[in-house]
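*Asks:* model this:
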Amino acid sequence: MKRIQVCVDGVTKVFGEVTAVNDLMLNVEQGQFLTLLGPSGCGKTTLLRMIAGFEEPTKGSIFINGQDVTYVPPNKRPSNMVFQRYALFPHLSVFDNVAFGLRIKKVNENEIGKRVERILDLVQLQNFGKRQIHQISGGQAQRVALARALVNEPQVLLLDEPLGALDLKIRQQMEVELKLLHAKLGLTFIYVTHDQEEAMTVSDRIVIMRNGSIVQDGAPEQIYSSPANSFVANFIGHSNLISAHVSSLEPVILDFLGGSFYCHEIPGLYLNQEVKVLLRPDVIAIQHDSSKNEQNLLAGQVIDATFKGSYMDYLMEVAEAHLNVHYPIRNDTRSFSIGDRIFLSWLPENALILSS
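*Replies:* All right, here's what the predicted structure looks like:
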């Protein structure tokens, strides 16, 4: 079992009348890539800044490697932070930006040269040391910011929406590079983003926050397949969330969208309960007729169709509601057009029941 490297123990942070983080408990294991995910204002960046030492908790404690660092300044902690806007010095070269922290610590210049060159090689910026910041791209500037943080050999790397300023293609490339870098270094990464696809790509653990508290904590696949509530379901992945009524328990049957449909039971379900049903767009099948003997079959009409490369994104009108369906494009795929009358079906186990 890996040891706990970062411990957030009952931390609250209040700004005036606003509680940004509310009595939060969090343990991060050594070597994890943990992402704090949530909408703007949920407290994720405030939490990261408290771990870094740029904010002090109103109450509670923060431990790194078992040592209480609650009131220890950032430069005295075994952590380093990569900021969203990189915070690079425009008047310094790439080499001097990376070397800045080492020079503040009065490291020997020969040692500085070796460490900077080694870290520039690690982030694939060999031979970029003499360039000025205005001479490099956004993706390269992000690598410089990473190198500047890593050259100090932190035990915990903190990243505050580091890819937010990048174009989509560069951001996707950097997501893969960050994941590979984490695997190579074995450091603890604590990462902040509001982009759920980014979080799913880079993380081995995701903590979803709302209103200063944790609403779900788990592996990406667990959170996607078993969201704790409607908020998480809406925030992770594409969702069709439908209000439903429990009309039978043996078997489990829910009434929604003008029909009755089979679902798998969840603990605590009771007769006549009002619930939400989550149907991911990729678990719904489309057909032109009702000849197949499906347990769950729903009539509708195509009202929009968008080509997404590997799949078509259809918007269906069903019983005065709208459902999104992701239909994979294959050689044998039958296309559907706007205005087509269709039938939708899904397996009972793919209809997830949420009580809140």
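*Asks:* what about this structure, any weak spots by pLDDT?
*Replies:* 1, 165, 291-293, 331-334 (pLDDT under 70).
*Asks:* So residue 284 sits against residue 347, correct?
*Replies:* No: counting by CB atoms under 8 Å, residue 284 does not reach residue 347; the two are 9.9 Å apart. All C-beta atoms are positioned from the backbone trio N, CA, C, and that covers glycine.
*Asks:* List the buried residues in stretch 144-164.
*Replies:* By 16 or more other CB atoms under 10 Å, the buried positions in stretch 144-164 come out as 144-152, 154, 156-163.
*Asks:* same question but for stretch 83-97, I mixed them up
*Replies:* Those would be 83, 84, 86, 88, 93, 94, 95, 96, 97, for stretch 83-97 by 16+ other CB under 10 Å.
*Asks:* can you put those in JSON lines and add secondary structure and distance to residue 176?
*Replies:* Output for the buried residues of stretch 83-97, formatted as JSON lines (DSSP: H, G, I helix; E, B strand; the rest coil; distance: CB to CB, whole Å):
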{"residue": "83", "secondary structure": "coil", "distance to residue 176": "21"}
{"residue": "84", "secondary structure": "coil", "distance to residue 176": "20"}
{"residue": "86", "secondary structure": "coil", "distance to residue 176": "19"}
{"residue": "88", "secondary structure": "coil", "distance to residue 176": "23"}
{"residue": "93", "secondary structure": "strand", "distance to residue 176": "27"}
{"residue": "94", "secondary structure": "helix", "distance to residue 176": "22"}
{"residue": "95", "secondary structure": "helix", "distance to residue 176": "26"}
{"residue": "96", "secondary structure": "helix", "distance to residue 176": "28"}
{"residue": "97", "secondary structure": "helix", "distance to residue 176": "24"}
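*Asks:* closest to residue 244 among these?
*Replies:* Comparing those against residue 244 with CB to CB places residue 84 closest, at 40.2 Å.
*Asks:* ok, residue 284 and residue 347, which is more surrounded?
*Replies:* Legend: neighbour count by other CB atoms under 10 Å for residue 284 and residue 347, higher for residue 284 (23 against 15).
*Asks:* Now that one. Nearest residue, chain neighbours left out?
*Replies:* Closest residue to residue 284 apart from its sequence neighbours, by CB to CB, 6 or more residues apart in numbering: residue 325 at 4.7 Å.
*Asks:* ok, now residue 266?
*Replies:* Nearest to residue 266 is residue 353, by CB to CB, 6+ apart, at 5.0 Å.
*Asks:* So what are the sheet partners of the helix or strand hosting the one you found and their directions?
*Replies:* Assigned by DSSP states H and E, residue 353 belongs to strand 352-354. If you go by DSSP bridges, strand 352-354 pairs up with strand 274-279 (antiparallel).
*Asks:* Now the element after the partner strand, going C-ward?
*Replies:* Strand 274-279 is succeeded, C-terminally, by strand 285-287 (DSSP H and E).
*Asks:* That next one: partners in the sheet, and parallel or antiparallel?
*Replies:* Sheet pairing for strand 285-287, using DSSP bridges, gives strand 341-345 (antiparallel).
*Asks:* buried residues in the partner strand?
*Replies:* 342, 343, 344, 345.
*Asks:* again with stretch 241-252
*Replies:* 242, 244, 246, 252.
*Asks:* Now do it: everything it contacts.
*Replies:* Residues from elsewhere that reach stretch 241-252 (CB atoms under 8 Å, 6 or more residues apart in numbering): 230, 233-234, 253-257, 260, 262-265, 269-279, 321, 348, 353-354.
*Asks:* Could you do stretch 161-172 as well?
*Replies:* The contact list for stretch 161-172 (CB under 8 Å, 6+ apart) reads 45, 82-86, 137-139, 142, 145-146, 174-175, 178, 191-195, 198, 201.
*Asks:* about what we covered before: looking at the buried residues of stretch 83-97, spot the one nearest residue 214.
*Replies:* Among the buried residues of stretch 83-97, and counting by CB to CB, the member closest to residue 214 is residue 84, at 22.0 Å.
*Asks:* need the contact list for the closest one.
*Replies:* Counted by CB under 8 Å, 6+ apart, residue 84 has contacts 160, 161, 162, 164, 165.
*Asks:* same thing with residue 71?
*Replies:* residue 56.
*Asks:* Please apply the same query to residue 236.
*Replies:* 196, 200, 208, 223, 224, 227.
*Asks:* Return the distance of the most centrally placed residue in the chain relative to residue 123.
*Replies:* When CA atoms, centre = their mean is applied to the chain, the residue found nearest the centroid is residue 199 (2.4 Å). Distance check for residue 199 against residue 123: by CB to CB, to the nearest Å, it reads 22 Å.
*Asks:* would you list the buried residues of stretch 241-252 in JSON lines and tack on secondary structure and distance to residue 54?
*Replies:* Shown next, in JSON lines, are these (three-state DSSP; distance: CB to CB, whole Å):
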{"residue": "242", "secondary structure": "strand", "distance to residue 54": "43"}
{"residue": "244", "secondary structure": "strand", "distance to residue 54": "45"}
{"residue": "246", "secondary structure": "strand", "distance to residue 54": "48"}
{"residue": "252", "secondary structure": "strand", "distance to residue 54": "50"}
